[in-house]
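Visitor: Curious how this folds, go ahead:
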Amino acid sequence: MTDTGLFRTKPVDDVLAQEAADPEATGEHGQGGLRRHLRARDLVGFGVGIVIGTGIFTLTGTAAKNYAGPAVVISFVIAGVVALLAALCYAELAAAVPTAGSSYTYAYTTIGEVAAWVIAWDLILEFALGAAVVARGWSGYLQDALDLPTSLFGEAADVNLGAVAIVLALGLVAVVGIRESAWLTNALVVVKVSVCVFVIVLGAFFVKAAFFSPFVPASRPLEGDAATTGLRQPLWQWVTGVDPTAFGVTGVLVAAAIVFFAYSGFEAVANLGEEAREPARDMPRGIIGTLLLCTLLYVLVCLVLTGMVSYTDLDEGAPLSDAFEQVGMGWASVLISVAAVAGLTSVILVDLVAMGRIGFALCRDGLLPPAIGAIHPRWGTPARLTVATTLAVAVLAAFVPLATLAEMVSIGTLFAFLVVSVAVLVLRRSRPDMERPFRTPLVPLVPVLSALACVGLMSNLAVETWLRFLVWLALGLAVYLGYGRRHARLARG
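Guide: Here you go, the predicted structure:
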């Protein structure tokens, strides 16, 4: 262990000892262990539950219409490849160090305490913001499907009570127990995957080859209100001084960075390592299985969507249901709305579960007050943390329109993936003898490619997104320096 200030590291053996502790034991502040209830299929269910949601129901239309055209398929493939590279790194660490906290713990054992705190702070932002955005989207879909009053549901509401209601309801499920969360998530996953398959099969009959030409629309400069100049342009364009463009190769890459939001969350599976029955076997299967299934569904949905109607006619708010309306299949939009409600419900639930597990890891390490992360003796979950994060998300979902902050979910996810890729390289060098039930193939090539790809996609995000991200990290560092650094278990020896 290195215990010299900001970059002290936590021994891997300590992490494994915590993970192997009696799950029913409770120590100071009731800090017991999490209970092992999850199988590989439950982990895939959680992964698909959080990944398939906002991306497949909304981002497909936005990315195709404004940035890539039919080549949005390529954008999803690029984002999926980057996510797969990161998933291979995640799988090695999740199998070897199966613990709550995922990339936070991996950073703690390799890079140092301050980097671990930054990652945890970043993940809290990702999951909290993602849950609030999705809750507002859920409220809007429900309002549209059932013709509910816009004064209470949807973006027009001053106080979005629909979003608050779903967050509080799912927060209760997350508090009661991981098995109950898994049952509900798996049921919702079956519903939305079934309807996605329905969309693909039925939509294939309305695909016209003419809509795929040109597959990659010619690059053209953005003008007027659409021009992304100043802080709204991608970082690499701001640095190089290149004029902002849409479509073409640049548009495909920008779309890939934006639709990466659609893959955010699969790393939440890694937070459940202490609750997997056989983590060495189930964690790699859960992580990689989630990603492969979701990428396949994304690509097929994009092909059908851009083949049914011209990308210029896609609706940005509800592209799937609108596409079926345009081809005279209005009845299908009802089923799509049902899938959207189910899909977004599971995303919110897994976000809330993941935030509780990250906070639990922080409390256990002393970076947050341990009493906050106490495990409930009956439910076996970090109940206080889950309640606190649920209330925070409910407030955000009630009052704040978060559409403009969606890119922050992408930058937070990519930053976490970057750290995990580096952690694999560091642990291979510092702990070559550590047991690795799953080994990332082609090391160091795969981790290096993963890290470079993450940086590349991050450079395609807007300058203002980078600035918001840096402000959030600065706030987190203030909390760490004010409390965590002095109270960390490593600081107390």
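Visitor: end-to-end on stretch 308-326?
Guide: 9 Å (C-alpha to C-alpha, to the nearest Å).
Visitor: Which residues does that stretch contact?
Guide: Stretch 308-326 is contacted from outside by 56-58, 60-62, 64-66, 69-70, 72, 140-141, 144, 199, 202-203, 206-208, 211, 217, 301, 305-306, 327, 330, 332-333, 336-337, 340, using C-beta atoms under 8 Å, 6 or more residues apart in numbering. All C-beta atoms are positioned from the backbone trio N, CA, C, and that covers glycine.
Visitor: in that stretch, what's buried?
Guide: The neighbour-count check on stretch 308-326 (16 or more other C-beta atoms under 10 Å) flags 308-311, 314-315, 318-325 as buried.
Visitor: same deal with stretch 349-368?
Guide: Within stretch 349-368, the residues that count as buried by 16+ other C-beta under 10 Å are 349-368.
Visitor: Phe7 against Tyr108, yeah?
Guide: No. Counting by C-beta atoms under 8 Å, Tyr108 is not a contact partner of Phe7; they are 10.7 Å apart.
Visitor: circling back: so which one among the buried residues of stretch 308-326 has the lowest pLDDT?
Guide: Ranked by pLDDT, the buried residues of stretch 308-326 bottom out at Ala318 (72).
Visitor: For it, give its distance to Gly203.
Guide: 15 Å (C-beta to C-beta, to the nearest Å).
Visitor: can you pull out the strands in the stretch 101-250 of the chain?
Guide: Secondary structure of the stretch 101-250 of the chain by DSSP state E, counting those that start in this stretch: the strands cover 220-221, 245-246.
Visitor: Checking Ser410 next. Helix, strand or coil?
Guide: helix (DSSP: H, G, I helix; E, B strand; the rest coil).
Visitor: Test my guess that Gln143 contacts Phe153.
Guide: Yes. Look at Gln143 against Phe153 with C-beta under 8 Å: they come within range, at 3.6 Å.
Visitor: of these two, who's got more company?
Guide: Phe153 (24 against 20; other C-beta atoms under 10 Å).
Visitor: if I look at the more buried one, how far off is Leu168?
Guide: Distance from Phe153 to Leu168, counting by C-beta to C-beta: 15 Å.
Visitor: Likewise for Gly307?
Guide: To Leu168, Gly307 is 40 Å away according to C-beta to C-beta.
Visitor: neighbour-wise, which of these two wins?
Guide: Gly307 (21 against 16).
Visitor: which element is the more buried one on?
Guide: Here Gly307, judged by DSSP states H and E, is contained in helix 279-308.
Visitor: cool, Val455 as well?
Guide: Assigned by DSSP H and E, Val455 falls in helix 445-458.
Visitor: Rounded mean pLDDT for that helix, please.
Guide: 94.
Visitor: Can you give me the buried ones in the next helix or strand after it?
Guide: With elements assigned by DSSP H and E, the helix or strand that comes after helix 445-458 is helix 463-479. Residues of helix 463-479 classed as buried: Val463, Glu464, Thr465, Trp466, Arg468, Phe469, Trp472, Leu473, Gly476, Leu477 (neighbour count, 16+ other C-beta under 10 Å).
Visitor: Export helix 463-479 to CSV, keeping only CA atoms.
Guide: Below are the C-alpha coordinates for helix 463-479, written out as CSV (Å, rounded to 0.1, in the frame of the first residue of the first chain):
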residue,chain,number,x,y,z
VAL,A,463,-16.6,22.5,-25.3
GLU,A,464,-19.4,23.5,-22.9
THR,A,465,-19.8,19.8,-21.9
TRP,A,466,-16.2,19.7,-21.0
LEU,A,467,-16.5,22.9,-18.9
ARG,A,468,-19.5,21.6,-17.0
PHE,A,469,-17.7,18.3,-16.4
LEU,A,470,-14.6,20.1,-15.0
VAL,A,471,-16.8,22.2,-12.7
TRP,A,472,-18.5,19.1,-11.3
LEU,A,473,-15.1,17.5,-10.8
ALA,A,474,-13.8,20.6,-9.0
LEU,A,475,-16.7,20.5,-6.6
GLY,A,476,-16.0,16.8,-5.9
LEU,A,477,-12.4,17.6,-5.2
ALA,A,478,-13.5,20.2,-2.6
VAL,A,479,-15.6,17.5,-0.9
